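Participant: have a look; sequence and predicted model below, questions after that.
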Amino acid sequence: MAAVPSTSETRRIARSGNRDADIDGEGGGHTLGRRTGPWYSSGMDSLPTTYDLPGTAEAGEAHGLAPDLSRKEAGAYFTPDAVAATLVRWAVRDRDDRLLDPSCGDGSFVAVHARSVGVERDAASAGLARARAPAGEIHVADFFAWAERTSERFHCAAGNPPFIRYQRFSGDTRERALKACRALGAEFSGLASSWAPFLVATAGLLRPGGRMAFVVPAEIGHAPYAAPLLEFAVSSFAIVHLVAIREKLFPDLSEDCWLLYAEGYGERTNEIRLTVLDRFAPSEEPPHTFERIDVNDWRGAWRRRLRPFLMTPAAREAYRRVADADGSLRLGEIASVGIGYVSGANGFFHLRPSQARHLGIPDALLHPTVRNGRALTGAVLSRADVDRWLEEDLPVLLLRLARTEALPPAVVAYLDGEAGREARTAYKCRVRSPWYVVPDVQVPDYLLSYMSGRRPNLVRNDARCTATNSVHCVRLRRPDLHSRLEAWGSPFVDLSCEIEGHPLGGGLLKLEPREATQVILNAPGRERPGEEDMFREAVATMRRWRHRVD
């Protein structure tokens, strides 16, 4: 899709929730691919430019009554023409097919096929869509409200739904979206981003046998909130085909994107087709080469994740054999994993040694802390490491106060000083009592980085430091379990981290506490000759897919 401020200058921007990016390209209006003809690029009949249902709120939204969101907040980033043309030309099978784009943006999807209907919340973008697709119908509306009212059913749908994180996907729009999905049998969690309900609600507007083709975030391959969408898809379509693309469709955005093709609405399937490609190329139809993933295997062995299928079948088979062998355990079976404390005012509660001496804060009320994963550089965090931080006068001393103890005069003076008066206004400080007691301070057995470049670091906490929520705190269930963690850093465990964690952007791997508990610690001696190298190569493959360059 290409948003066209002018014919000669085109901004092509991906829909993503991360950051804005401009991708220079040619002006709009060109056609791509072999399949050409007047019904792909020129108007038909005398369809109205705008077709508004009577008695709706669309006119109000068109006049700015909708919330005034930034482009990032609204997920309003637009798609290159080549991608839009590829999806639409597969979805449309006949010149008379009616195509729906539920979030049409600047109109690059609806511009490819004349008999199109687009829904767009932003009036300015809808104006661009009308200019690009004069034969189509463009509704300025909240899609979910519009979907409740329309009685039309469509032959096909295509588009690039807005990628709005759950924190901003809220209010009446969210309630309408989740209600529509529940009516169709899809139950999303409170963490669902906007794009997944968009696809389910769109499918509900298809005719029997209908088709849809969409750009989707690569999160469809790993995010728990996306699993209900795939469950809905396999229970509602005869064919579900995902195309994973390693090179970014939108290079300047951190969000990776895949393509989703589904056809035969009203039927069901027992498999998910997956094609793995290095890069996107315009085409008339989905790739003919794909792996058939049994839905029960996806649900069971791989816990409703598709990312493991980016590596070779041989690597997957070897991984599952070792993972299922006697003696292999998940980290959560031998340890608890949780986040560290949240101070609410880091600059106030974390003191430099020189600052603490100047204020007269007693040493007994100061506890050395790990403030981020950069401090976790070796296998062991020792007292010598802490001494080095103190010699460098780093702000690594947590002011650790208890609710019941009497406070020394020096502490009272610090709390009541200018810095303390400002700190107590911070949200986390404001909502706890007393405001100066930092909760959930613990001294774990191990510390685990949760945003990592090469691999997550698991570090034995011999220095007895506490930690902020920038790292994970790992506490063994029994003291005699230390030896089970010796497998950490092996090619197998590295691969398990890649499988259980997820890409964050910028080449990083993120390992949430829930994901960390699922990392498998292999029993010694279970690998066959050559499998360690196979696991090492599989790790390299997974790192390439999150754009990590070692």
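Facilitator: Here it is on my side, so go on.

Participant: what about the residue lying closest to residue 279 once chain neighbours are set aside, neighbour count?
Facilitator: Counting by CB to CB, 6 or more residues apart in numbering, residue 279 lies nearest to residue 247, which is 4.2 Å off, once chain neighbours are set aside. Placement of C-beta: from N, CA and C, glycine included. Residue 247: 11 surrounding residues under other CB atoms under 10 Å.

Participant: where in the stretch 451-550 of the chain is pLDDT low?
Facilitator: Along the stretch 451-550 of the chain, no part satisfies pLDDT under 70.

Participant: for it, which segments count as strands?
Facilitator: For the stretch 451-550 of the chain, the strands defined by DSSP state E, counting those that start in this stretch cover 451-452, 458-461, 466-467, 471-476, 502-505, 508-510, 520-521.

Participant: equivalent analysis for the stretch 251-400 of the chain, please.
Facilitator: All strands of the stretch 251-400 of the chain, identified by DSSP E, counting those that start in this stretch, fall at 257-263, 271-277, 291-294, 329-330, 335-339, 350-351, 366-370, 380-381, 397-399.

Participant: residue contacts, residue 230?
Facilitator: By CB atoms under 8 Å, 6 or more residues apart in numbering, the residues touching residue 230 are 220, 240, 272, 298, 304.

Participant: among these, which are in helices?
Facilitator: Among the contacts of residue 230, the members falling in helices (DSSP state H) are residue 298.

Participant: hmm, back to that, could I get the strands of the stretch 251-400 of the chain as TSV with mean neighbour count and mean pLDDT?
Facilitator: Formatted as TSV, the strands of the stretch 251-400 of the chain follow (neighbours: other CB atoms under 10 Å; pLDDT from 0 to 100):
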stretch	mean neighbour count	mean pLDDT
strand 257-263	23	97
strand 271-277	19	98
strand 291-294	13	98
strand 329-330	16	97
strand 335-339	19	97
strand 350-351	20	98
strand 366-370	21	98
strand 380-381	18	97
strand 397-399	23	98
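
Participant: format the strands of the stretch 451-550 of the chain as CSV; extra columns: mean neighbour count.
Facilitator: Formatted as CSV, the strands of the stretch 451-550 of the chain follow (neighbours: other CB atoms under 10 Å):
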stretch, mean neighbour count
strand 451-452, 18
strand 458-461, 22
strand 466-467, 24
strand 471-476, 22
strand 502-505, 19
strand 508-510, 19
strand 520-521, 23
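
Participant: so for residue 294, which of the ones you listed sits nearest?
Facilitator: strand 520-521 (21.2 Å; CB to CB).

Participant: partner strands of the closest one and their direction?
Facilitator: Strand 520-521 pairs in its sheet with strand 329-330 (antiparallel), by DSSP bridges.

Participant: how about residues contacting the strand it pairs with?
Facilitator: Strand 329-330 is contacted by residues 484, 517, 518, 519, 520, 521, 523 when judged by CB under 8 Å, 6+ apart.

Participant: which one of these is nearest residue 88?
Facilitator: Nearest to residue 88 among the contacts of strand 329-330 is residue 518, at 39.1 Å by CB to CB.

Participant: residues near the closest one, how many?
Facilitator: 18.

Participant: tell me who's in contact with the residue nearest to it when sequence neighbours are not counted.
Facilitator: Closest residue to residue 518 apart from its sequence neighbours, by CB to CB, 6+ apart: residue 500 at 4.5 Å. Contacts for residue 500 (CB under 8 Å, 6+ apart) come out as 511, 515, 516, 518, 519.

Participant: do I have it right that residue 132 meets residue 104?
Facilitator: No - Residue 132 lies out of contact with residue 104 (CB atoms under 8 Å); the separation is 9.6 Å.

Participant: between these two, which has more neighbouring residues?
Facilitator: Legend: neighbour count by other CB under 10 Å for residue 132 and residue 104, higher for residue 104 (33 against 24).

Participant: any idea which helix or strand carries the nearest residue in space to the more buried one that is not next to it in sequence?
Facilitator: Using CB to CB, 6+ apart and skipping the chain neighbours, the partner closest in space to residue 104 is residue 118 (2.9 Å). Counting by DSSP states H and E, the element that carries residue 118 is strand 116-120.

Participant: all set now, cheers.
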